[in-house]
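> Got a predicted model here, sequence first, then my questions.
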Amino acid sequence: MNRKEFLLKAASFIIMSGLTAAGLSQEPDEKKNKKFTVISKRCDGCGHCFRSCRDKALLVAGDGKAIIDLDKCKGCGDCTRFCKRMAIVEFDPSK
Ligand code: SF4
Ligand code: SF4
């Protein structure tokens, strides 16, 4: 990478960081209302989802299955990609 390419990359990184900090890349309001929960019947306690949550909302229940702390869940949906049994589903707590 030459100096010009480096400076262009650095400038675009700084601009994108600024937009994120300013909240311009935030998701629409409807997304903020979403939460996720685990359908216990589908969960086999494999644990693949436990480390996917940056907010530490995914917990292990007494039976070894996953549960989601709704107070901590931000509704990002990242955990759903780790569950092959489709046990983690979205819902709108306001409905
Ligand atoms: S939706 Fe996001 S915040 Fe909620 S439990 Fe899943 S990974 Fe964590
Ligand atoms: S990945 Fe799915 S099946 Fe495995 S523990 Fe999490 S919710 Fe349960």
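Perfect, I can see it now. Residues are numbered from 1 along each chain as shown. Ligands and ions are numbered 1, 2, ... in the order given.

> So which residues make contact with stretch 80-95?
33-40, 42-44, 46, 48-49, 52, 66, 68, 70, 75, 77, 79 (C-beta atoms under 8 Å, 6 or more residues apart in numbering). Heads up, the C-betas are built off the backbone N, CA and C, glycines and all.

> Can you give me the end-to-end span of that stretch?
This stretch, stretch 80-95, spans 21 Å end to end (C-alpha to C-alpha, to the nearest Å).

> how about that stretch: buried residues?
82-83, 87-88 (16 or more other C-beta atoms under 10 Å).

> How about the residues of the chain by ligand 1?
Residues of the chain lying close to ligand 1 (C-beta under 6 Å from any ligand atom) are 36, 52-53, 55, 57-58, 68, 73-79.

> Mind checking which of those are in strands?
36, 58, 68 (DSSP state E).

> that older thread, tell me the buried residues within the contacts of stretch 80-95.
34-38, 43, 49, 52, 66, 68, 75, 79.
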